[in-house]
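Undergrad: Return a 3D structure for these sequence lines:
(one chain, ligands or ions: 1)
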Amino acid sequence: MRLCENILYAKAQFLIGNMKGTLFFLLLSTCALNAQTKQADLILLNTNIIDVAHNTVLHNKTVVINKGVIIATGNDAISKNYTSNKTIDATGKYLMPALWDMHMHFGGDTLIEENKMLLPLFIAMGVTTVRDCAGDISLDVIKWKHEIDKGILEGPTIFTSGPKLEGPKSIWPGDLEIANETELKLALDSLQKLKVDFIKITDNTLSPPLFLTAIKESRKRGWKVSAHAPVPFTLQELSDAGLSTIEHIGYLLRAASTDEKRIADLRGKGTISAKEGSEQILKTFDADIALQNFKKLAAKGTAVVPTMNGSSIVAYLDKDDHKKDEYLKYLGPALKRTYNWRVDRASKDNAEAIAFRHTNFEAAAALIPLLQKAGVVLLAGTDAGYLNSYNYPGIGLHYELAMMVKYGLTPAQALQASVINGPAFFNQQKNYGAVEKDKKADLLLLDQNPLTDINNTQKINAVIRKGNYLSRQKLDAILLQIEKQVAQKEKAESVH
Ligand SMILES: [Zn+2]
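TA: Okay, here's the model as predicted:
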C-alpha cells in the first residue's frame, strides 16, 4: 500500500498542474483499487513468533493467512498490503506451530462414537495432527481421515497405520495376523489398498524371523515402519532391518546393557522371564554403551517415540490413581472403562513389583538426554486413546512435552520432537514446522512463552486450524459441548 501511495502522490503532483480535479479524483480512486491489497482470511498483528528450530522468539511480527496457508510474515507494516476478514491484535502473545501427537490409538469396536468425540477434543487442546498407531476400528479412522482432509469433519489431520501386523491369535483385536511370508504379502497388499500412511508391527505372537521380514518388505514398498522391539533381537538388528521408529522408551534400555545380545538370546529361548530380563538389563546398565549404541541407531535413521506419559502413569498408579482427574469429563464412559485392564493388572503388584515399576521407568526416562546427545530423532507421542489408562487424548501431549523437559531436553528440543520431527517423519517438513510463508496455518497462540517454560503450551489463547481462528471462547465452547455429550452418555447408561 505504501508503495502505491507514493505512485499516487507522484501522479497527483503531475495531474494537479495539467488536469481537472475530477479526472484527478477518478485516477486516484482507480489507483486505490489497484493498490487494493491482497485478500487474506486472517491477520495476526504484533505477535511473538516462536522459532522452534532455532530456539528463538521473533518479536512484534505480523502473520497473514489465506486459504489455510501462511502467505506472509513480517513487521506490522505489511498488514497494509492485505484486506482481511479478520484481524486479531496478538500483542504479548506467542505464536507457534500447532502440536503433533506421534503415537495415539483410536480403537474399541463398540466405541466408535466415543472415539469420534475425541476429534474436536484434540483440536481444542491444540493438537492438530495425530499419528494413529493401530487399533481395531481402522476403516472408520480412514473414513474420518478423508472427511477431515476434505473439510467435511472437524478434527486433527490423521496419519494412520491401519490395522497392525501381528502373529496368529494375538491378544490384539482387529490386527492383521500373519503366520508366513505368503500371508505377509497378502497383508501388505491389503494395507496398500487401504492406502495406510505407515506400517505398525507388534510382537505378541508374531514369529521373530517374520517380524524382521515384515520390516524389510514394508520398507521395500515405501512405507516407514513403527514397532515394538521383540525380545530375541538387539535394537541394532531391528535398526539394520530398516525399522523407522521404536515405540516406547522402555525398549531402549536394552541397548544400554553391556550384555544386550546374551540377554536377548535368553529371553528369546524363554530361559529367563521378562522380569528377569529387565532386572539383568538394569544390573548391566552402562551409559557409555548406551551412547555408543544410540549413535548407531541415529546413523541408521531409527527414531524413538518415548511415550513417557503413558509409562509414568502406569508406573506410578500407586501414587496417583487419577480417579479425580478433571479431564475425565471429556472422555466417554465406555472409553474410560477400557482403562481398567491396566489398572487391574497393576493393582496385583506387591511392594517389590511396584518398586521395580518405578526403578524401571526412571532408568528408561533417564535415557532421554543420551538419545538426544547421540543424535537419535525423538518424536513426541502419548500412547493416548483407548486402553492406556488415564493417558488423555489432547492434554496428554502437553504432559509428554513437559516430561521430555523434566528428563533433560530443553523446551525447544521437546517442541521440535512434536512440531518439526513429527512432520518430517511423514515428509511434510515443507508444509509444517515453522511460522513462516507457505507453511500450513495450523498454529497455537499462547499467552506465555513455551521456550522459557514448557508448561506454557497449555496456556492456549487460540488455535488456528487450517487458517480458521478458534478463540479461547470458541475452544471453551467446544470443550463444554464435549463435556455435555459425555454427561448425556453417562446419564443414559445409569438409566439402563
Ligand atoms: Zn501404542
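
Undergrad: Can you show me the strands along the stretch 151-300 of the chain?
TA: 157-160, 165-166, 176-177, 199-201, 225-227, 245-247 (DSSP state E, counting those that start in this stretch).

Undergrad: what number of residues lie near Ala441?
TA: 26 (other Cβ atoms under 10 Å). Every residue, glycine included, has its C-beta placed from N, CA and C.

Undergrad: That one against Lys466, yeah?
TA: Yes. If you go by Cβ atoms under 8 Å, Ala441 and Lys466 touch, sitting 6.7 Å apart.

Undergrad: shared neighbours of those two, anything?
TA: Gly68 (Cβ atoms under 8 Å, 6 or more residues apart in numbering).

Undergrad: got the strands of the stretch 151-300 of the chain as JSON lines, with mean neighbour count columns?
TA: Listed next are those as JSON lines, based on neighbours: other Cβ atoms under 10 Å:
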{"stretch": "strand 157-160", "mean neighbour count": "22"}
{"stretch": "strand 165-166", "mean neighbour count": "28"}
{"stretch": "strand 176-177", "mean neighbour count": "20"}
{"stretch": "strand 199-201", "mean neighbour count": "28"}
{"stretch": "strand 225-227", "mean neighbour count": "26"}
{"stretch": "strand 245-247", "mean neighbour count": "24"}
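
Undergrad: so what's Glu260 up against?
TA: Per Cβ under 8 Å, 6+ apart, neighbours of Glu260: 234-235, 254, 281, 293.

Undergrad: actually Gly107, not the one I typed
TA: 115, 134-137, 174, 385-387.

Undergrad: any low-confidence regions in the stretch 151-300 of the chain?
TA: Applying pLDDT under 70 to the stretch 151-300 of the chain flags no residue at all.

Undergrad: Whatever residue of it ends up closest to the ion and Val486, how far apart?
TA: Here the stretch 151-300 of the chain gets closest to the ion at one residue, Glu247, 6.0 Å apart by Cβ to the ion. Remark: distance between Glu247 and Val486 (Cβ to Cβ, to the nearest Å) = 29 Å.

Undergrad: Now tell me what touches the helix or strand containing Phe356 from outside.
TA: Per DSSP states H and E: Phe356 is located in helix 351-365. If you take Cβ under 8 Å, 6+ apart as the criterion, helix 351-365 is touched by 249-250, 252-253, 275, 278-279, 282, 285, 306, 308, 311-312, 314-316, 318, 346, 349, 403, 407.

Undergrad: again, but for stretch 433-440
TA: Residues contacting stretch 433-440 (Cβ under 8 Å, 6+ apart): 49-53, 63, 68-73, 95-97, 419-420, 423-424, 430-432, 443, 466.

Undergrad: again with stretch 409-417
TA: For stretch 409-417, the surrounding residues in contact (Cβ under 8 Å, 6+ apart) are 50, 52-53, 55, 96, 368-369, 372, 378-380, 401-402, 404-405, 450-454, 457.

Undergrad: List the buried residues for it?
TA: For stretch 409-417, the neighbour count (16 or more other Cβ atoms under 10 Å) marks 409, 411-417 as buried.
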